[in-house]
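>>> what's the 3D shape of this:
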Amino acid sequence: MIMLFDNKKDIFELMDKFGESPLSELEISAGGQHIKLSKSAKAAVFENMPVSKAPESLEPYGGGYGISDDADDQKLIRAPLVGTFYSSPSPESPAYVKVGDKVAKGMVLCIIEAMKTMNDIESETDGEIAEVLAKNGQPVEYGQPLFRLK
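Numbering: from 1, shown residues only. Predicted coordinates for the structure are as follows:
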């Protein structure tokens with residue numbers, strides 16, 4: 001019998017190599033073992049455009065990703081992928097932004113780590129940070145509001 005993976009270390013190595021590859025999906029079956037890996041959209045790909053509504057059961061945070069309108073002429077910046085939210089480039093560095101900061105289109109607001117890849121999340125519009133909605137070091141879901149802009 002052919003065994004694909006002798007231990008967890010082999011699986012983690014495969015995940016690392018897959019994360020660095022241009023592939024978006026990988027599925028392997030052999031010797032009674034089965035593994036399927038897939039990547040979500042890359043953070044830099046999202047655009048500032050209207051987002052169609054998905055059924056509520058598929059969309060716990062509403063909207064999609066990028067920027068969406070909110071009440072009182074405010075904008076929400078949402079997570080474009082699943083991962084871990086970081087407010088600064090390193091634990092000893094100050095946060096990229098805080099409440100009251102002015103932001104410009106293209107400015108890095110935070111990092112979302114996914115599969116050991118650090119993805120800069122940039123502002124798609126000018127504005128002022130009204131609220132930081134995610135906590136440093138905590139997991140975030142696709143479409144989850146990260147920031148509220150004025």
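
>>> the strands in the protein, which residues?
Remark: strands assigned in the chain by DSSP state E are 25-30, 33-38, 66-70, 74-78, 83-86, 102-103, 108-114, 117-122, 127-132, 139-140, 145-149.

>>> what does the last one contact?
Same thing as strand 145-149. 61, 63, 67, 70, 74-79, 85, 97, 103, 109-110, 121, 123, 125, 127-134, 140 (C-beta atoms under 8 Å, 6 or more residues apart in numbering). Every C-beta, even on glycine, is put in place using the N, C-alpha and C of the backbone.

>>> equivalent analysis for the fifth one, please.
The contact list for strand 83-86, computed with C-beta under 8 Å, 6+ apart, reads 79, 110-114, 118-119, 134-140, 146.

>>> contacting residues for residue 135?
By C-beta under 8 Å, 6+ apart, the residues touching residue 135 are residue 85.

>>> residue 19: which of the strands of the chain is closest?
Closest of the strands of the chain to residue 19 is strand 117-122, at 5.8 Å (criterion: C-beta to C-beta).

>>> direction included, what does the closest one pair up with?
Here strand 117-122 is paired, per DSSP bridges, with strand 108-114 (antiparallel).

>>> on that earlier part again, any quick PyMOL command for the buried ones out of the contacts of strand 145-149?
A single PyMOL command selects the buried members of the contacts of strand 145-149 (16 or more other C-beta atoms under 10 Å):
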select buried, resi 61+63+67+75+76+77+78+79+85+97+103+109+110+121+123+127+129+130+132+133+134+140
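
>>> quick check: the gap between residue 121 and residue 26.
Separation of residue 121 from residue 26 (C-beta to C-beta, to the nearest Å): 26 Å.

>>> equivalent analysis for residue 120, please.
25 Å.

>>> residue 76 now?
Taken as C-beta to C-beta, the span from residue 76 to residue 26 is 33 Å.
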